[in-house]
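Engineer: Using only what follows, build the 3D model:
(one chain, ligands or ions: 1)
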Amino acid sequence: MSKQRVLTGITTTGTPHLGNYVGAIRPAIAASRDDSNESFYFLADYHALIKCQDPNAVHQSTQEIAATWLALGLETDKATFYRQSDIREIPELSWILNCICAKGLMNRAHAYKAAVDANVAEQEDADKGITMGLFSYPVLMAADILMFNAHRVPVGKDQIQHVEMARDIAQRFNHVYAKKAPLLTLPAYQVDEHVSVLQGLDGRKMSKSYGNTIPLFLPEKQLKKHINKIKTNLLEPGEAKDPDTSTVFQIWQAFANESQVSEMRQAFAEGIGWGDAKAKLFDLINHELAEPRERYHDLLARPNDVEAILQEGASKARQISQPLLEQVREAVGIYRLA
Ligand code: TRP
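Structural biologist: Predicted structure coming up:
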């Protein structure tokens, strides 16, 4: 069987946290080691501009996210790792797709609809603060995906609709321009059910928008402090505790092996104190992250090396995007006169 092409993008806003690591980065790096896959992972910096208009923040986040993936062991000779904005063919494909994508399809996009609903609820103009970038965000995302003929797109639940839209757009393109020999591959989303959605300090889903995250590469002391801030109930040491309603236990499970999980379950039943449980949690997380943390800081101090890796990734990626864009241009009637 030919290899499955797996592609996903990481928007370059903010600093990666434990939830990103457990829910996306760790499984993606594991999948890239599977030889039946061909992985494409990229920094979605054009998408960042939709959410963030602070140039320094976008730039810094790009550097941090690149260093994070490399520090965690992404092997760039196996996976193709690149920055969206280095692939000049993506915005061009995006425009061509804009010209076949129905506006009505975009009207139904969740992110855009949520913004309109919020305006209406506050009796504001429906379009207040909504840019064309936000409106056509799914088209750019479709270009990211279709540019590399990806088969599978691992995403969080909130992105399922966008991958389905990419599929619709590909179908439309093939129908209009490439009926005999479809040019674009129809992608499918992949939502990993057994990858856990990590809880944050307050017990809700760990998310930057809730301000309840634990950044991934905090210095040890600060990591300890953050873990100590995880919300617990008021049960004393010696009183049995319910692991299944505990954030400490939930995060433990995301880092522990099977026997460690059952040991902690037992400790909860036996009334381990919250302080002890958190100290154990710190040790476990720190054990997994200590080495990558060192590599991360080393990489941040060597931006030239990280840049060189991204450039290599871009040239590998463009070996695919350039010829595909040529075919697309020809299919739509844009090519030299002679
Ligand atoms: N929009 C995605 C997110 O916010 C990131 C992204 C951009 C992406 N382009 C993509 C994901 C292409 C998968 C495929 O999470």
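
Engineer: where in this protein is pLDDT low?
Structural biologist: Counting by pLDDT under 70, the chain has low-confidence residues at 1.

Engineer: again, only using 80
Structural biologist: Along the chain, segments meeting pLDDT under 80 span 1, 194-196.

Engineer: The residue in it positioned nearest to the ligand: helix or strand, and which one exactly?
Structural biologist: Nearest to the ligand, among the residues of the chain, is residue 9, at 3.0 Å (Cβ to the nearest ligand atom). All C-beta atoms are positioned from the backbone trio N, CA, C, and that covers glycine. Applying DSSP states H and E as the criterion places residue 9 in strand 4-11.

Engineer: got the contact list for residue 140?
Structural biologist: 46, 47, 90, 91, 94 (Cβ atoms under 8 Å, 6 or more residues apart in numbering).

Engineer: swap that for residue 212, sorry
Structural biologist: Contacts here follow Cβ under 8 Å, 6+ apart; on that basis residue 212 touches 200, 201, 202, 204, 206.

Engineer: Kindly report the same for residue 82.
Structural biologist: Residues in contact with residue 82 (Cβ under 8 Å, 6+ apart) are 40, 42, 43, 310, 313, 314, 316, 317.

Engineer: Tell me where the stretch 201-338 of the chain has helices.
Structural biologist: 220-228, 247-255, 258-269, 274-300, 303-332 (DSSP state H, counting those that start in this stretch).

Engineer: Please convert those to CSV, extending it with distance to the ligand and mean neighbour count.
Structural biologist: Shown next, in CSV, are those (distance: least, Cβ to the nearest ligand atom, whole Å; neighbours: other Cβ atoms under 10 Å):
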stretch, distance to the ligand, mean neighbour count
helix 220-228, 24, 16
helix 247-255, 20, 21
helix 258-269, 29, 14
helix 274-300, 21, 17
helix 303-332, 13, 16
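
Engineer: where exactly do the strands run in the chain?
Structural biologist: 4-11, 37-44, 80-83, 152-154, 188-190 (DSSP state E).

Engineer: rewinding a little: put together TSV for the contacts of residue 140, with distance to residue 172 and neighbour count on each row.
Structural biologist: Formatted as TSV, the contacts of residue 140 follow (distance: Cβ to Cβ, whole Å; neighbours: other Cβ atoms under 10 Å):
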residue	distance to residue 172	neighbour count
46	22	24
47	22	20
90	18	22
91	19	13
94	14	20
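
Engineer: Can you tell me which of these is closest to residue 24?
Structural biologist: Nearest to residue 24, judged by Cβ to Cβ, of the contacts of residue 140 is residue 47 at 14.7 Å.

Engineer: Quick one: residues in contact with stretch 292-309.
Structural biologist: 63, 64, 66, 67, 68, 70, 71, 72, 73, 76, 81, 217.

Engineer: Cross the residues you listed against helices and list the overlap.
Structural biologist: Using DSSP state H, the members of these that fall within helices are 63, 64, 66, 67, 68, 70, 71.

Engineer: before we move on, the earlier item: which residues does the residue of the chain closest to the ligand form beta bridges with?
Structural biologist: Beta-bridge partners for residue 9, by DSSP bridges, are residue 42.

Engineer: circling back: can you redo the strands of the chain as TSV with distance to residue 196?
Structural biologist: Formatted as TSV, the strands of the chain follow (distance: least, Cβ to Cβ, whole Å):
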stretch	distance to residue 196
strand 4-11	18
strand 37-44	20
strand 80-83	25
strand 152-154	15
strand 188-190	16
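
Engineer: returning to what we had before: pick out the most distant pair among the contacts of residue 82.
Structural biologist: 43 and 316 (14.6 Å).

Engineer: Show me which residues of the stretch 51-200 of the chain sit near the ligand.
Structural biologist: By Cβ under 6 Å from any ligand atom, the residues of the stretch 51-200 of the chain that approach the ligand are 141, 144, 145, 153, 155, 159.

Engineer: can I assume the residue of the chain closest to the ligand is in contact with residue 47?
Structural biologist: Yes - judged on Cβ atoms under 8 Å, residue 9 makes contact with residue 47 at a distance of 6.8 Å.

Engineer: okay, and the common contacts of the two?
Structural biologist: 84, 141.

Engineer: if I read this right, residue 316 contacts residue 80, doesn't it?
Structural biologist: Yes - because the distance of 5.1 Å satisfies Cβ under 8 Å, residue 316 is recorded as touching residue 80.

Engineer: Many thanks, we can stop here.
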